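Asks: Predicted coordinates and the sequence they were generated for:
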Amino acid sequence: MATASECLAGRGVAIATVVNFPSGDEPLGDVVDMTRASLADGANEIDLVLPYTSFVRGDTARASEYVSTVRGVVPSECHLKVILETGEIGAVDLIESAARLAIAAGADFVKTSTGKTSTSATPDAVRAMLGVIRNSDATVGIKPSGGIRTIADAQLYLGLADEIMGPAWATPQTFRFGASGLLDAILTTLGVT
C-alpha cells in the first residue's frame, strides 16, 4: 500500500484497499486496526466487507456496528465503500435492507461483491441497491463488482443506473465498476492491447 501511494503521489489516482475481506467475519478490532494501518500507508478508499453471514442470520446490530465503527475511523475526505456480498445475501428484500443499513451507518458507496463467491453482481441486486440509493437522503454511489467481463455487461449496469437514477447520474463520483476482467474488454475495444 505504501509503495502504491508513493508511486502514485500527485497523479490523482485513488488508493483503495479491502478490510474484513473476503469472509466478512474478522474481529472488529482487527478490522479497525487494518483500516487505520491502511489509511496511514496512504489509502484514501476503504472497502469494508459487511458481516453478511451475521446479517443474513438477523444480526443487523453487528453489521451496523462494523460499518459505523469503520466510518468513524475513515476521514470524511476518504471514501468508505461497503461490500454487501449480494450473492450470499440472496433475497432482494434483504439486499435492500443491507443497502439501507450501510447507507444509514455512513457508506459513501455500496458494492455488490468481493468477487470471491459463486454469485457476484446481478441485475436484480444492482436494481435493488439503486432503488435504495434513489430513495435515500444521502449522496451515495454504487459499485457493481464481480462477473462483469464484457462491454455488454457494463452497458447493462450503466443502463440500470440511467433508468433508475437518470442519465446524468453515473459519474466517477457515483458509479464505478469492480471488474478487472472488464479492463481487458475495454482495452481490446480501444485497440490498446
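Replies: It's in.
Asks: ok now stretch 137-155, how far from the chain's centre?
Replies: Per Cα atoms, centre = their mean, to the nearest Å, the displacement of stretch 137-155 from the mean C-alpha position of its chain is 9 Å.
Asks: Please apply the same query to stretch 31-50.
Replies: The answer for stretch 31-50 is 14 Å, by Cα atoms, centre = their mean.
Asks: Any stretches of the chain with poor pLDDT?
Replies: Residue ranges of the chain with pLDDT under 70: 193.
Asks: try it again with 80
Replies: Within the chain, the stretches falling below the threshold (pLDDT under 80) are 1-2, 179-181, 193.
Asks: Find the centremost residue of it, please.
Replies: Most central in the chain under Cα atoms, centre = their mean is residue 111, positioned 2.7 Å from the mean C-alpha point.
Asks: Apart from its neighbours in sequence, what residue is nearest that residue?
Replies: Nearest residue to residue 111, sequence neighbours excluded (Cβ to Cβ, 6 or more residues apart in numbering): residue 143, at 4.0 Å. Just so you know, the C-beta spots here come from the backbone N, C-alpha and C atoms, and that holds for glycine as well.
Asks: Who are the contact partners of the residue nearest to the centre of the chain?
Replies: By Cβ atoms under 8 Å, 6 or more residues apart in numbering, the contact set of residue 111 is 47, 81-84, 142-145, 178.
Asks: Residue 17 is in what secondary structure piece?
Replies: strand 16-19 (DSSP states H and E).
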